[in-house]
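*Asks:* no sequence for this one, just the structure:
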């Protein structure tokens with residue numbers, strides 16, 4: 001991850017929920033955003049995550065994915081059912097010779113939540129997004 005300071009540090013990213021599917025109890029949203037309308041996305045801590053660094057982190061995470069309830073306890077009967085890192089390069093391969101839409105790039109995911117109490121907290125607005133925690137070596141960004 002390319003970050004704004006030179007140090008190993010824990011980071012936390014909060015991304016709002018984009019969609020709830022009440023029939024299947026799935027919560028959808030961006031786990032992390034790298035670009036918006038072609039420009040690097042700078043999070044609240046002033047950090048930027050490069051596409052290739054996000055891909056590596058997501059692929060490692062998906063080898064043993066865990067869903068927890070606000071970093072308090074693992075929700076064992078929930079599963080990540082959709083996960084894709086969306087980049088310009090992938091979109092160009094998926095839709096050759098087509099206009100690639102502008103907008104967000106990053107990690108899109110869907111979590112099937114079988115714990116009715118946890119899903120209800122998403123539905124009633126108690127939980128309004130995904131909170132992603134990780135560690136990264138921060139590097140100064142020039143320019």
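*Replies:* Thanks, I have the structure now. All values derive from a computational prediction rather than experimental measurement. Residues are numbered from 1 along each chain as shown.

*Asks:* neighbours of residue 59, how many?
*Replies:* Per other C-beta atoms under 10 Å, the neighbour tally for residue 59 reads 11. Bear in mind the C-beta positions are built from the backbone N, C-alpha and C, glycine included.

*Asks:* how near is residue 23 to residue 113?
*Replies:* 13 Å (C-beta to C-beta, to the nearest Å).

*Asks:* neighbour-wise, which of the two wins?
*Replies:* residue 113 (24 against 6).

*Asks:* is it true that the more buried one touches residue 28?
*Replies:* No: between residue 113 and residue 28 there is no contact under C-beta atoms under 8 Å: 11.2 Å.

*Asks:* quick test: name the residue nearest the centre of this structure.
*Replies:* residue 31 (1.3 Å; C-alpha atoms, centre = their mean).

*Asks:* check which helix or strand that residue maps to.
*Replies:* For residue 31, the element it lies in under DSSP states H and E is strand 26-36.

*Asks:* other SSEs contacting that strand?
*Replies:* Judged by 3 or more C-beta pairs under 8 Å, 6 or more residues apart in numbering; DSSP states H and E, the packing partners of strand 26-36 are strand 8-21, helix 51-62, strand 78-86, strand 104-113, strand 129-137.

*Asks:* could you give the angle of it to strand 78-86?
*Replies:* Taking axes from the mean of the first three to the mean of the last three C-alpha atoms, to 10 degrees, one finds that strand 26-36 is oriented at 30 degrees with respect to strand 78-86.

*Asks:* quick one: residue 104 and residue 97, what's the gap?
*Replies:* To residue 97, residue 104 is 23 Å away according to C-beta to C-beta.

*Asks:* who has more neighbours out of the two?
*Replies:* Higher neighbour count among residue 104 and residue 97: residue 104, with 16 against 5, using other C-beta under 10 Å.

*Asks:* who are the contact partners of the more buried one?
*Replies:* Residue 104 makes contact with 30, 33, 35-36, 41, 86, according to C-beta atoms under 8 Å, 6 or more residues apart in numbering.

*Asks:* still on that earlier bit, chain neighbours aside, what residue packs nearest to the residue nearest to the centre of the chain?
*Replies:* residue 107 (4.0 Å; C-beta to C-beta, 6 or more residues apart in numbering).
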